[in-house]
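>>> got a structure for you, letters missing:
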């Protein structure tokens, strides 16, 4: 299937694009080159090629999940500049003067 100048004009109209006659000729030639290349790819025998989900053979490299003890509230709050009994104390950011 070859792309004609009429096809390029139709596609340009659908895309609401305007091209000069020279640009239309160039696009016709380029689109035909693309279709010819796809035709070459379609001729290649790929019957013995296994389909890929990814170009590179990717394997899971994650380590096993191991439960480890975390910080206690007291340890986490130890160096906090402002705190209450169990929480970090931070400035109010919602509903201030500028809100």
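Great, that's in hand. A quick note: this is a predicted structure, and the numbers were derived from the prediction, not measured. Numbers count the residues shown, from 1 in each chain.
>>> can we go C-alpha only for contacts and neighbour counts from here?
OK.
>>> look up how far residue 62 lies from the residue nearest to the spatial centre of the chain.
Taking CA atoms, centre = their mean, the centroid of the chain lies closest to residue 54, which sits 14.3 Å from it. According to CA to CA, to the nearest Å, residue 54 and residue 62 sit 18 Å apart.
>>> repeat that for residue 31.
Distance from residue 31 to residue 62, by CA to CA: 45 Å.
>>> when these two are compared, which one has more neighbours?
residue 31 (15 against 6; other CA atoms under 10 Å).
>>> give me the element that one is part of.
Per DSSP states H and E: residue 31 is located in helix 21-43.
>>> any residues touching that helix, and which ones?
Contact partners of helix 21-43, identified using CA atoms under 8 Å, 6 or more residues apart in numbering, comprise 1, 2, 3, 4, 5, 8, 9.
>>> what about that helix, distance to the chain center?
In terms of CA atoms, centre = their mean, to the nearest Å, the centre of helix 21-43 is set 27 Å apart from its chain centre.
>>> and that helix, what's buried?
Across helix 21-43, burial judged by 16 or more other CA atoms under 10 Å covers 24, 27, 28, 32.
>>> distance of the second one from residue 34?
For residue 27, the distance to residue 34 equals 10 Å [CA to CA].
>>> about what we covered before: out of the contacts of helix 21-43, which comes closest to residue 47?
Taking CA to CA as the measure, residue 47 lies nearest residue 1 of the contacts of helix 21-43, at 24.4 Å.
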